[in-house]
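> Generate a structure from the sequence data that follows.
(chains A, B and C)
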Amino acid sequence: MSELNPSNTALFTVNNIWMLVSTILVFIMHLGFASLEVGLTRAKNTVNILFKNVSIISIGIITYTLCGFNLMYPGDFIFGNFFGFGGWGISQPDGAAGLIDYQNGSYTYFTDFIFQAMFAATAATIVSGAVAERIKLSGFLLFSLIYVAFIYPIAGSWKWGGGWLDQMGFYDFAGSTLVHSVGGWAALSGAYILGPRIGKYSKKGIIPIMGHSMPLASIGVFLLWFGWYGFNGGSVLSADPGPVSFVFVTTTLAAASGVLGAMTLSWSFSKKPDLSMVLNGSLAGLVGITAGADVISPLNAIIVGYIAGLLVVSSVLFFDRLRIDDPVGAISVHLTCGIWGTLAVGIFSSEHSFLTQFIGVLSYGLFCFITSFLLFTMVDKLLGLRVSEEEELIGLDLGEHDMEAYSGFQIFNVE
Amino acid sequence: MSELNPSNTALFTVNNIWMLVSTILVFIMHLGFASLEVGLTRAKNTVNILFKNVSIISIGIITYTLCGFNLMYPGDFIFGNFFGFGGWGISQPDGAAGLIDYQNGSYTYFTDFIFQAMFAATAATIVSGAVAERIKLSGFLLFSLIYVAFIYPIAGSWKWGGGWLDQMGFYDFAGSTLVHSVGGWAALSGAYILGPRIGKYSKKGIIPIMGHSMPLASIGVFLLWFGWYGFNGGSVLSADPGPVSFVFVTTTLAAASGVLGAMTLSWSFSKKPDLSMVLNGSLAGLVGITAGADVISPLNAIIVGYIAGLLVVSSVLFFDRLRIDDPVGAISVHLTCGIWGTLAVGIFSSEHSFLTQFIGVLSYGLFCFITSFLLFTMVDKLLGLRVSEEEELIGLDLGEHDMEAYSGFQIFNVE
Amino acid sequence: MSELNPSNTALFTVNNIWMLVSTILVFIMHLGFASLEVGLTRAKNTVNILFKNVSIISIGIITYTLCGFNLMYPGDFIFGNFFGFGGWGISQPDGAAGLIDYQNGSYTYFTDFIFQAMFAATAATIVSGAVAERIKLSGFLLFSLIYVAFIYPIAGSWKWGGGWLDQMGFYDFAGSTLVHSVGGWAALSGAYILGPRIGKYSKKGIIPIMGHSMPLASIGVFLLWFGWYGFNGGSVLSADPGPVSFVFVTTTLAAASGVLGAMTLSWSFSKKPDLSMVLNGSLAGLVGITAGADVISPLNAIIVGYIAGLLVVSSVLFFDRLRIDDPVGAISVHLTCGIWGTLAVGIFSSEHSFLTQFIGVLSYGLFCFITSFLLFTMVDKLLGLRVSEEEELIGLDLGEHDMEAYSGFQIFNVE
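Okay, the predicted model is just below:
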């Protein structure tokens, strides 16, 4: 870039490097998701969950390379701003060494691609938690492949690709809807179709099935919170000091007050301070602020996070009443609080319309719930979706992988 | 910032983004503290410790927003450079879009706030380790709330807020005293008031109570070391290449030689290579270099770290002799080595006076020990400070939370 | 740096800060290695492995400070571009505040040193995995000290220090050979000299010895992948947007396709999806792309990674056939795929000669295998290399450290 003047070069370089740092922060969220899901489920399904998580990110990245990126950012749309496709594979455009928007100090084509690629697999990972401990590995991998390769990027193109919702003024800064709800709707349809784990709901009521490692669950939450600074902070799409520092503040405050919201409600309700609720509270706050992290004031971010903390606790109880079994609370965290966060933009930011936000939520809901429902049904016919009762009881680690996660440890088989 | 010339903009942007990266490195230290404390204590108190750690950071951030930041950086002092208050809440000052010191290439108001906010909760987290396995949850949370909201920032204002010790020439680069000793003194008073865990000291002498997960303890130490690059590196308050790279070198060398110091002393003393001593050795080195990371030469950093490694081993034995029970060695790491590091500035840097450093150490010691002692005593009257004997024996996880950390695992109840 | 014009200052600052961020990403790889090695071995050797890993990085950093850095980057060579030494210790050169290559926007002397120092200990850490569960602590530490202080930097000087292989046109971008194979050859000679663990190979054939914590193994792999963005991304030696973002893309794609390569081969071979193979697959892809991450196209990176994934599975089976017992697969990941990656540069990059790459591989192989073989033999005479049969059976944690990793847990002693 020697032909450019050095001051623009420096600004471009710092913007670009912040996007790359954000990329790896989003990457480490996948370890966060894996740890959280493992920690909140039983020891006998650990290998299976880890296998799913390592596979999903790999499949997600490769499919996003092959077609996802160009479905999400198609350039021109084909069918009325609902669908477009920029061609197979990735290849750096000509001119200015493949740099995008050099004049305004932005980032390279490859930075753009890799930052987006890290987001892609997140949606499938969210689903993973809700269908854990009973879904067939092959069925889940096939579902994820198709959902991440096609549904996620097409849905994403409606807003981030410049499609119809973007043109209508719908706002979703970093993906309360485009990432979290898109994953959350599929989590809901998956959990519904699969049905609950054996023994979860009996005539005597709801039987809690405890996770086997609270340290792993907590490591997961801290890593997710950590990575969220790249998820939200990187969504500024530059290192511009004002907005990035603003987003850091709102993100932090929402996470912290999400903890307090979940703590006060669950503590007053159950008389015991419940760790898993508090952990989900921080994630609830984070999902809640994601849509409006750059437009909601710090004080309001505290309110948005606190309400998200209240909502996640209520939502967990609500879905348990409906007998929709979600082992890690993924639906409550990502769908319920994803909706809340998207609507909160319409409430707390004067620049955005509540009605448009609501239309966006509804549109994504219809599209994602229906497509994921059909997809799960199709996979069920093709490969089968649920493991046998016998396999569920001995655990998927022995059933699917012929391997134990904790060789040598004395572990009771909790059914 | 389009009205500014691009070269200053670029420099400001990189300085600001480094402060934000440092912020999240300090954030992940909280996971480090949590993992370390969990790993070095018994399985039956794991949920409790995790709950405390997730709560502390959330309470710390919210209270720092409401009043802590403006107590620590009050602008004008009210009582002779001992106390000041800049008002409730945070709000970006007018002018230059809330940027601070734009001409010299620094960072925004919100960056300033969020970097400091991440530090705030650290002090309370340090206390957590020393009082673990026997303190009541509600009592601990109340103590932490008040200590972090008022004592920590007021003490901090004396130096970093431009108060009386700053004007006297006292030096503490990144907080050997202002963070680590401030936490350490409260850890000491808390451990003293609570008394030892049941069974730790008997007529037969000291009965070691082993931690239940050395991998978690090690993960904690590696994450703390990792995050310390933001703690010390961010305390340069810019990305200025000379000082930041210098601080990286001294920090690394002190941590590494802290390991070697603790290894040689404990190995020669006990004839067995002791993992927990070696782990604390690296933290000892890190705490030791924190006060002077920018003014102590690399060679001297090796010496400072090595001595800190020797000190932490000796200090652990010393406090055990005094029958002050500190499950994780927090007092030895943060108080003993915090004092050492602060005095080391007076020894190894010709620009700073040993006497002034000593006065600083003494002043913080008096203020923090007395206030934390009174505060613990007050909380004891109000809510009770120690769990019942019965609860301590079955563990705080079942007693306080009605929950197990490792559901399904066969675990012996170690008293 | 006020005398310099601000635009160059900004560019220098961002380049330098990216190198420092890369440094800490490489640092956290040591936690990755530790977690992976612990997870894939038995619970009874956990304390020992953690102790080794904390010690190695500390010893590595201190010896690199004392002599390693100046052996690897000697300035002038003494014996015909094979060996040089720049003097003991580190000291910032005069002029321009110890900045290197300021005009082109690079980084400081201390940044250069600390980035390289973090690499140094990696080679010994690789060895650690292959000799785990049976090597004496003292013997291993002595071996590591000498290997990291002398062999690694001398070998490194041949290419990165500007030595004979560099002048011949050998290419190794970030260390498929210089780091991974250098560690891998020593891992091979160590595993060979020590012989297999008791019970691994019997008349009935190969008896798999399962690792005790798949979550720890997975945490290790995710952290290694995470840190690799600093390992490869930092090897650009600046934050130059084009090459750094390119390297991020190739690194990510190779890791992801390594997972898919290992998955397809192991699944079709054993009929069960094998988690440990998939985990090693991602590392295989990462090692494979390391030599050519900046010169191999994204599409070819997918191919390189996929082949690495196939190779690692085959290699694990191959070495098991030879009865060379490598508990974590370190030889297959780092040596086999390190060779593959180095040769791949000669295949996929038209600018580099396959023959020269082959000569490089061979030269490093001869030098490192012979020196490590002699060194292990010497240490064996001096201190003994293998623990007693009795100690191996009860585990090195009790044998060497008189300590358990999981106090309170009921664990079967798996021999």
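> how about the strands of the stretch 151-300 of chain A, start to end?
A:201-202, A:205-206 (DSSP state E, counting those that start in this stretch).
> what ranges of the stretch 1-150 of chain A fall below the confidence cut-off?
Along the stretch 1-150 of chain A, segments meeting pLDDT under 70 span A:1-7, A:93-105.
> just the helices in it please.
A:6-39, A:46-63, A:69-72, A:109-130, A:137-146 (DSSP state H, counting those that start in this stretch).
> Endpoint to endpoint, stretch A:396-412 covers what distance?
15 Å (C-alpha to C-alpha, to the nearest Å).
> wait, which of the helices of the stretch 1-150 of chain A is closest to chain B?
Chain B lies closest to helix A:6-39 among these, at 3.8 Å (C-beta to the nearest C-beta). Where you see a C-beta, it was placed from the backbone N, CA and C, and this is true even at glycine.
> now the closest one, how far from the chain's geometric center?
Distance, stretch centre to chain centre, for helix A:6-39: 16 Å (C-alpha atoms, centre = their mean, to the nearest Å).
> Report the angle between it and helix A:109-130.
Put simply, helix A:6-39 runs at 10 degrees to helix A:109-130, going by axes from the mean of the first three to the mean of the last three C-alpha atoms, to 10 degrees.
> which helices and strands sit right next to helix A:6-39?
Using 3 or more C-beta pairs under 8 Å, 6 or more residues apart in numbering or on different chains; DSSP states H and E as the contact definition, the elements that helix A:6-39 packs against are helix A:46-63, strand A:107-108, helix A:109-130, helix A:214-233, helix B:6-39, helix C:6-39, helix C:214-233, helix C:241-270.
> how about the third one against chain C, any contact?
Yes: looking at helix A:109-130 against chain C by C-beta under 8 Å from any C-beta of the partner chain, the contacts come from A:Tyr109, A:Phe110, A:Thr111, A:Phe113, A:Ile114, A:Ala117.
> How about that helix and chain B, any contact?
No: Helix A:109-130 is not in contact with chain B by C-beta under 8 Å from any C-beta; minimum separation 14.7 Å.
> returning to that earlier point: for A:Leu396, find the nearest of the helices and strands packed on helix A:6-39.
helix A:46-63 (3.9 Å; C-beta to C-beta).
> Send me the closest one as CSV with only the CA atoms.
Coordinates of each C-alpha in helix A:46-63 appear next as CSV, following Å, rounded to 0.1, in the frame of the first residue of the first chain:
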residue,chain,number,x,y,z
THR,A,46,-20.3,-35.0,27.0
VAL,A,47,-18.3,-36.5,24.1
ASN,A,48,-21.3,-36.2,21.8
ILE,A,49,-21.7,-32.5,22.6
LEU,A,50,-18.0,-31.7,22.2
PHE,A,51,-18.0,-33.6,18.9
LYS,A,52,-21.1,-31.6,17.7
ASN,A,53,-19.5,-28.3,18.6
VAL,A,54,-16.1,-29.0,17.0
SER,A,55,-17.9,-30.2,13.9
ILE,A,56,-20.4,-27.4,13.6
ILE,A,57,-17.9,-24.6,13.5
SER,A,58,-15.8,-26.5,10.9
ILE,A,59,-18.8,-27.3,8.7
GLY,A,60,-20.1,-23.8,9.2
ILE,A,61,-16.9,-22.2,8.0
ILE,A,62,-16.4,-24.4,5.0
THR,A,63,-20.1,-24.0,3.8
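> returning to what we had before: burial-wise, tell me which of the strands of the stretch 151-300 of chain A comes out on top.
Of all the strands of the stretch 151-300 of chain A, strand A:201-202 has the most neighbours on average by mean count of other C-beta atoms under 10 Å in any protein chain shown, namely a mean of 12.
> ok, residues contacting that strand?
Identification of contacts with strand A:201-202 by C-beta atoms under 8 Å, 6 or more residues apart in numbering or on different chains yields A:Ile207, A:Arg323, A:Asp325.
> Hmm, A:Ser266 is touching A:Val312, no?
No: taking contacts as C-beta atoms under 8 Å, A:Ser266 lies outside contact range of A:Val312: 9.4 Å.
> out of the two, which sits in the more crowded spot?
A:Val312 (32 against 26; other C-beta atoms under 10 Å in any protein chain shown).
> Now do the contacts for the more buried one.
By C-beta under 8 Å, 6+ apart, the neighbours of A:Val312 are A:Gly258, A:Ala262, A:Met277, A:Asn280, A:Gly281, A:Leu283, A:Ala284, A:Gly329, A:Ser332, A:Val333, A:Thr336, A:Cys337.
> These into a markdown table, with extra columns for neighbour count?
Shown next, in a markdown table, are the contacts of A:Val312 (neighbours: other C-beta atoms under 10 Å in any protein chain shown):
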| residue | neighbour count |
| --- | --- |
| A:Gly258 | 35 |
| A:Ala262 | 32 |
| A:Met277 | 25 |
| A:Asn280 | 32 |
| A:Gly281 | 36 |
| A:Leu283 | 31 |
| A:Ala284 | 38 |
| A:Gly329 | 25 |
| A:Ser332 | 27 |
| A:Val333 | 36 |
| A:Thr336 | 26 |
| A:Cys337 | 35 |
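> Around chain B, pick out the residues from the stretch 101-250 of chain A.
Contacts of the stretch 101-250 of chain A with chain B, taken as C-beta under 8 Å from any C-beta, map to A:105, A:210-215, A:218-219, A:221-223, A:225-226, A:229, A:233, A:239-242, A:244-246, A:248-249.
> now do 10 Å
Contacts of the stretch 101-250 of chain A with chain B, taken as C-beta under 10 Å from any C-beta of the partner chain, map to A:104-105, A:208-219, A:221-223, A:225-230, A:233, A:238-250.
> just checking: which of those also lie near chain C?
Near chain C, by the rule C-beta under 10 Å from any C-beta, you find A:His212, A:Ser213, A:Pro215, A:Leu216, A:Ile219, A:Leu223, A:Gly227, A:Ala239 out of those.
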